[in-house]
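Student: Fold the following and give me the result.
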Amino acid sequence: MNISRLIAFTRASVILALLIVALVGCGRKRSGVISDETAPTGKMRMDAFLFDVKMRFNKQPRSFRLDLYVTDTVALVTARGYVGKGVARGIWRADSSYFYFPIENEYFSGSLDSMINGDCWSFLGAQANFPLLLRGTRGSLVEILGLTETSSHKKKIAGVLDRYSEKSECDTPLRVVYDRKSDGLYYLKEFEYRGEGELSRVVGKRRKLKQGAKIKKSRLNFTAPADAILIRY
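Tutor: Numbering: from 1, shown residues only. This is a model prediction of the structure:
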């Protein structure tokens, strides 16, 4: 796979929000088209997650923090290195997603499912089910995401997201842990992917969770610089 370490690192920064390893791919086409949106005013409440993420790519360790703000209709994703340098920023909506990678000055606009492009993770329905990866009922996690429980009790679920596939890169499932809060929903607490090849491990642990956090609506609208390159999968 002809991809630089730096690009692989930035793609993996948003991967856990978008199904681990789905963004670390090849065959991209580029274009210079930029969309423009008008930022709304006011504030809204969203569930806020902060994850500490560690990964190993090509035998080299990397670390970053992943901020996620999510509702059923919109989500904000921000990944940053521990020295404060921005790695990725993205918006998910029910009909499309928009992600900008400042180090490479590249952006993606479209369905998350096009990133996966029919490989072994496509059963999850990334675009439609993105908020459910972060929180949901026990039934929805099992029935919609296909979560296989490896251990569980009333306040915690541990399991794997996996489907049978003949592709070797999918032999290792995504391991996840959810914990139950007072609203009855289960929230993503930990995730781990152990694979083969260049991207050999990604581990994330939730540092903070704030339900109903207030954020400015203007944060949910942004555009890449005019000279940014559009990534196509």
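Student: Can you pull the poorly scored residue ranges out of the protein?
Tutor: For the chain, applying pLDDT under 70 flags the ranges 1-39, 57, 82-86, 115-124, 162-172, 195-200, 233.
Student: how does it look with 50?
Tutor: Per-residue confidence for the chain (pLDDT under 50) gives these ranges: 1-38, 165, 167-169.
Student: Break down the chain into its strands, ranges please.
Tutor: Assigned strands in the chain, in chain order: 29-31, 43-57, 60-70, 74-80, 86-93, 97-101, 106-110, 135-136, 147-153, 156-161, 174-180, 186-194, 199-216, 229-232 (criterion: DSSP state E).
Student: Pick the most deeply packed of those.
Tutor: Across the strands of the chain, the average number of neighbours (mean count of other CB atoms under 10 Å) peaks for strand 97-101, which reaches a mean of 23. Just so you know, the C-beta spots here come from the backbone N, C-alpha and C atoms, and that holds for glycine as well.
Student: and that one, what does it pack onto?
Tutor: helix 5-13, strand 86-93, strand 106-110 (3 or more CB pairs under 8 Å, 6 or more residues apart in numbering; DSSP states H and E).
Student: repeat that for 6 Å
Tutor: For strand 97-101, the packing partners by 3 or more CB pairs under 6 Å, 6 or more residues apart in numbering; DSSP states H and E come out as strand 86-93, strand 106-110.
Student: how about the ones you listed, which one is nearest Tyr187?
Tutor: Taking CB to CB as the measure, the helices and strands packed on strand 97-101 were each checked against Tyr187, and strand 86-93 came out nearest at 17.0 Å.
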